[in-house]
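**Q** Let's see this in three dimensions:
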Amino acid sequence: MSIRTRLTELLAIEHPVLLAPMDLVADARLAVAVTKSGGLGLLGGGYGEEAWLTRELDAIGKTGARFGAGFITWSLARQPHLLEIVLERKPVAVMLSFGPPRPFVDRIKQSGARAMCQVQTVALAREAVEAGADILVAQGGEAGGHGISRGTMALVPEVIDAINDAVPVVAAGGIADGRGLAAALMLGASGVMLGTRFYATTEAAGYDAAKDRILRASGDDTARSIVFDISRRNVWPSPFTGRCLRNTHLDRWLGREIELLRNQEPESARYAEARNSGDFETAAVIAGEASGLVHDLVPARVVVERMMEQAAQRLRGAPLA
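**A** Below is the predicted model:
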């Protein structure tokens, strides 16, 4: 059930499936599990908690598994030394998201790693290729966490056309099974990146209650907003908003963001307490529309095996990028 694409060749992986570097959720255990399943696990560098990052890199090192890492680019710019900490461990690839990649791409490539850039618009795709990116991840607005609003179905082929197929493009957003992988390949993508589906696995870090909410949710139960960013005092630069599962807190403040800002001090304290205690009627479960396609909590290996089998059945005889 092997599917060979430009992505699998470039990264020397068996399956064209990547783990999204979800902040804190994509830890060493999950990244290694995805890699051992034939894909590539990307460690979530997130906002750059150095102690967490070093600990998880040490854990990966003990396994000898190949891995990648992902950073929020505008946050990395505040702590550029974190990139060196990762590069010292010889990752296969490093992904940059949400900010100009040019300051970091050359250093990544000089280390021998592949430079990946996650993009949400055609303009960002062109900027990343001009900066020297080896791989693009075209992220549609269906994705959990931060992004913009373009849908994956139209964004992926438009990005491929805009860059004249110069580098492999990975599809992200709204993909959770082999149907999504097959569709992405037919759009011209060379692989997929999964976040929400891998969040609902036995290896993923995080509360069981959060995973259970993903299992019970449909895509209709998600919303894109800045409510949880305001609540945790971490509002992102425009035009990025965040998709998460709807809960009591989001329903209370969605459309009332100005009022939330006026009440930020008590609400942020309440939100922080909820995050620490696992109260997900207040704290956000950061997950995307693919939640509606996730119905069981299984090991990452099972996710990959099912995806490859289902995709192969749909792609027999079809040309691949």
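**Q** What's the first helix or strand after the helix-or-strand element of the chain with minimal mean pLDDT?
**A** The weakest-scoring helix or strand in the chain, judged by mean pLDDT, DSSP states H and E, is strand 42-46 (a mean of 91). Using DSSP states H and E, the helix or strand that follows strand 42-46 in sequence is helix 50-63.
**Q** what angle separates that next one from strand 42-46?
**A** Using axes from the mean of the first three to the mean of the last three Cα atoms, to 10 degrees, the direction of helix 50-63 lies 170 degrees away from that of strand 42-46.
**Q** residues in contact with the next helix or strand after helix 50-63?
**A** Using DSSP H and E, the next helix or strand after helix 50-63 towards the C-terminus is strand 68-72. With Cβ atoms under 8 Å, 6 or more residues apart in numbering as the test, strand 68-72 has contacts from 18, 20-21, 23, 26, 31, 40-48, 82-83, 86, 91-99, 113, 116, 118. All C-beta atoms are positioned from the backbone trio N, CA, C, and that covers glycine.
**Q** Strand 68-72 - which strands sit beside it in the sheet, and in what orientation?
**A** With DSSP bridges as the test, strand 68-72 is paired with strand 42-46 (parallel), strand 93-97 (parallel).
**Q** Take those and lay them out in JSON lines including distance to residue 282 and mean neighbour count.
**A** Formatted as JSON lines, those follow (distance: least, Cβ to Cβ, whole Å; neighbours: other Cβ atoms under 10 Å):
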{"stretch": "strand 42-46", "distance to residue 282": "21", "mean neighbour count": "26"}
{"stretch": "strand 93-97", "distance to residue 282": "27", "mean neighbour count": "27"}
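**Q** what would the ones you listed look like in CSV with distance to residue 315?
**A** Listed next are the strands paired with strand 68-72 as CSV, based on distance: least, Cβ to Cβ, whole Å:
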stretch, distance to residue 315
strand 42-46, 24
strand 93-97, 24
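**Q** Quick check: which of the ones you listed is nearest to residue 198?
**A** Using Cβ to Cβ as the measure, strand 42-46 is the one of the strands paired with strand 68-72 that comes nearest residue 198, at 10.2 Å.
**Q** hmm, who's touching the closest one?
**A** 18-28, 31, 53, 56-57, 60, 67-72, 75-76, 82, 86, 93, 95.
**Q** Got phi/psi on the closest residue to residue 132 other than its chain neighbours?
**A** Closest residue to residue 132 apart from its sequence neighbours, by Cβ to Cβ, 6 or more residues apart in numbering: residue 105 at 4.6 Å. Dihedral pair for residue 105: phi -60, psi -50, per degrees, to the nearest 10.
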